[in-house]
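In: need a 3D model of the following:
(chains A, B and C)
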Amino acid sequence: MQRMHTLNKYERLKSKKLIERLFKEGNRFSVFPFKVVVLAGSFENSSSPVQFGISVPNKVVPKAVNRNRIKRQVREAWRQNKLSLYEQLQKTETSADGQVIQLCVMLIFTSKKACTFDFIQRKLRKVIFQLGEHYG
RNA sequence: UCGCAUCGCAUGCUAUCGCUGGCUCAAGGGCGGUUUUCUUGUGAAAUUGACCCGAUGGGCGAGAGGAAAGUCCGGACAGUGUAGAGCGACCACACCACCUAACUGGUGGGACUUUGUGUAAUGCGAAGGACAGCGAGUGCCAUAGAAAAUUUCCUUUUCCGCCUUUUUUAUAGGCGGGAAUGAGGGUGAGAACCCGACUAAUGGUCGGGCUGUUUUCUGGUGACGGGAAACAGGGGCAAACCUUGUGGGCUGAAAGCUCAAAUAGGCUAAGAGGCUCAGUAUUAUUUAUAUGCUGGGCGACCUGCUGCUCGCAGGUUCUUGGUGGGUAGAGCGUUAGAGGCGUAUGGCGACAUGCGUACUAGAUAAAUGAUAGCACCGGGUGAAAUUUUUAAAGUAGCUCGGACAGAAUUCGGCUUAUCGCGAUGCGGUUUU
RNA sequence: GAUCCUGUAGCUCAGCUGGUAGAGCAUAUCACUUUUAAUGAUAGGGUCCUGGGUUCGAGCCCCAGCGGGAUCA
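Out: Residues are numbered from 1 along each chain as shown, chains lettered A, B, ... in the order given. As a prediction, this is how the structure comes out:
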């Protein structure tokens, strides 16, 4: 765990197949501006503990500029706050029988209004806390 | 100071933390070569390479728009196909000349309509438009009106017949029939081109004007403008069907090309394969038996012929190997271009040509940023010190705002959205 | 990226090749009923998505825009 505040290719959810599987089999819960879909298991295409994706529906935010901005803000917040989740996952890995647990997380943004960065960050911390409770 | 038109710009800097792809250095791994060592096995270690990978760490430089948008046109490119060949259908366009790779784009011009202004008069300026054809055909023109298009309802003119009045004829009136005509008839968006003279009449003739066609002279590359003669008077609608002319093959990067796992299915090769009868061949041979081939019947399943039954026709299973197609996925297409900037020449202009110059966005659940601070620009409000007629100053400060909008193969246009700023030109108002 | 359809009353839809914009449900009032529902009668309610154009006259024809929806791996 040298550099934590990064978000490179292999920490992002990119495989179309995996996303389809995630939506078919994953568990769902929601924290107000987000709907979260999670799938636990071990995936071969990446060594990262968590693969993360954000989706903003076209119907909720009609303009592409605003959609991009929300995605960037959420990605930024995730980047800065994912550290605690990673630590919890590593703890369980070492204490249990060495089975690697990886998570796929997809956030769906559902608020129609634009939010400030602070608000998004607070809510995202709550999401990460809940993920840690369930899988950590 | 306000408005219009055209052109240009589209807030910047710093700090912290990040993203994408490129080059490069270094760890690390793979592969190959060489050497050493031993317990001789394709083991271990070391070293090396214009080699490959590289999710790790440095360094360097790059990274959204004028509309990236809408997807409304036209290309490039790709596939199909032979189609920079014809015909038909369908679609698009339509004054002229030019520009362009091309266009429904652009530039310049012509006629028309509207409008402003001015003159004795011709004029001058601005704006507008899909400005071929209804003097080919078909269709439509509600209500109103006689009639909405080779007019015929009334009135009018004239001729014939009958009746009435009258001594009779004539005249006058009425009725019926024939002919002529389009002057008049509440209308309507639109009414048979308009005015005058002659006459039975409104016809016809003559004169003048308007419009159109043909011929001709003239200016212009041309649309068209100016004049003369003859003929004609046929209302509007083609953003009604349509006619004429011109152009277009169709499909779009989710195009398309290459590599390619598992499963299922296709084709093909080999092997095995329900019961029974007949014929035939081989082995063996006295028969019988075994195997192969051909044909028939029976049984099971599927499909079709009519929904069901009968009947008829066709087909059939398993194992292994090969093969081509091809899905998930990956790569290419994929970023340098009919391009930008400067300058010279030609052209009224769109633009063309020559020379010089600088380049490099390339993502794919989709990068090009997030947070904070400062500056800058614009609007509103609005001091004080100081000097003092007044200026300082619409300054400082406070406050609000900084738009529209995010590449997705690419280029040229069009359209739409847009806080503002600057330049040029034209016009208005105020002051000097 | 490409292609296509659609917009009319509060809702669902008609409106033929242009000539005074309609139906059903809903709403309001009245009648019926002890009351409600159902039923009957009456009434109100329209930017025909927006802006231009053609025409004497556009819901309809043409152009541009805005909104909604669908299809193509």
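
In: tell me the bridge partners for A:V36.
Out: Per DSSP bridges, the residues bridged to A:V36 are A:F29, A:L107.

In: correct me, but it touches A:L22?
Out: No - using Cβ atoms under 8 Å, A:V36 is not in contact with A:L22, being 11.0 Å away. C-beta: built from backbone N, CA, C; applies to glycine.

In: now list whatever residues contact both of these two.
Out: A:M106 (Cβ atoms under 8 Å, 6 or more residues apart in numbering).

In: hey, where'd the helices end up in chain A?
Out: A:16-25, A:64-81, A:83-95, A:117-135 (DSSP state H).

In: nearest to A:A40, of these?
Out: Nearest to A:A40 among the helices of chain A is helix A:117-135; the distance by Cβ to Cβ comes to 5.6 Å.

In: what angle separates that closest one from helix A:64-81?
Out: Orientation check (axes from the mean of the first three to the mean of the last three Cα atoms, to 10 degrees): helix A:117-135 against helix A:64-81 gives 50 degrees.

In: ok, back up a step: okay, A:V36 and A:L22: which has more neighbours?
Out: Shown here are A:V36 and A:L22; by other Cβ atoms under 10 Å, A:L22 has more neighbours (20 against 17).
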